[in-house]
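1. predicted model, plus sequence, below.
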Amino acid sequence: MTGQNRQVLTALRASIDAFTRGEISLEDVQSRLQSSLDLLESGNPLVPEAIRIAEGDLEEIRFARLLDEQRPAAVLRLDDLRFLINAELEP
């Protein structure tokens, strides 16, 4: 893994954690997912694909769920992405 990808994924994991703690909004974490795609260099193709899918799922959560159901659904969805990011960052 490149140093650039490690930095991007570490920052993305921190954003997911901040969202889980209620420190940033659903829109913020979704925006950070989108931004990370532009910053990732060539590497494991599963990671960008997983980020794209998670971003799309968050879009659906934002517009298809009641407001009080959005955060729990998004946290649950982002747990899978956090697991993949953690696996990718392990040495």
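-> That came through fine. Residues are numbered from 1 along each chain as shown.

2. report pLDDT for the closest residue to Gln4 other than its chain neighbours.
-> Leaving aside its sequence neighbours, Gln4 sits nearest to Glu41 (CB to CB, 6 or more residues apart in numbering; 5.2 Å). C-beta coordinates here come from the backbone N, C-alpha and C atoms, glycine included. pLDDT for Glu41: 86.

3. any idea which helix or strand carries Glu41?
-> Counting by DSSP states H and E, no helix or strand carries Glu41.

4. list the contacts of the residue sitting nearest the centre point of the chain.
-> In the chain, the residue lying closest to the centroid (CA atoms, centre = their mean) is Leu33, at 4.9 Å. Residues in contact with Leu33, defined by CB atoms under 8 Å, 6 or more residues apart in numbering, are 12, 15, 51, 54-55, 58.

5. again with Phe19
-> 25-26, 28-29, 74-75, 78.

6. from those, pick the one nearest Arg62.
-> Nearest to Arg62 among those: Leu26, at 5.9 Å, using CB to CB.

7. just give me the neighbour total for that closest one.
-> Applying other CB atoms under 10 Å, we find 19 residues neighbouring Leu26.

8. this structure: helices as residue ranges?
-> 3-20, 26-39, 46-64, 67-89 (DSSP state H).

9. quick one: distance of the third one to the chain centre.
-> For helix 46-64, the distance from its own C-alpha centre to the chain's C-alpha centre is 8 Å (CA atoms, centre = their mean, to the nearest Å).

10. by contact count, what packs against it?
-> The contact analysis (3 or more CB pairs under 8 Å, 6 or more residues apart in numbering; DSSP states H and E) places helix 46-64 against helix 3-20, helix 26-39, helix 67-89.

11. tell me which residue lies farthest from the centre of this structure.
-> Most remote from the centre of the chain, using CA atoms, centre = their mean: Leu66, at 20.9 Å.
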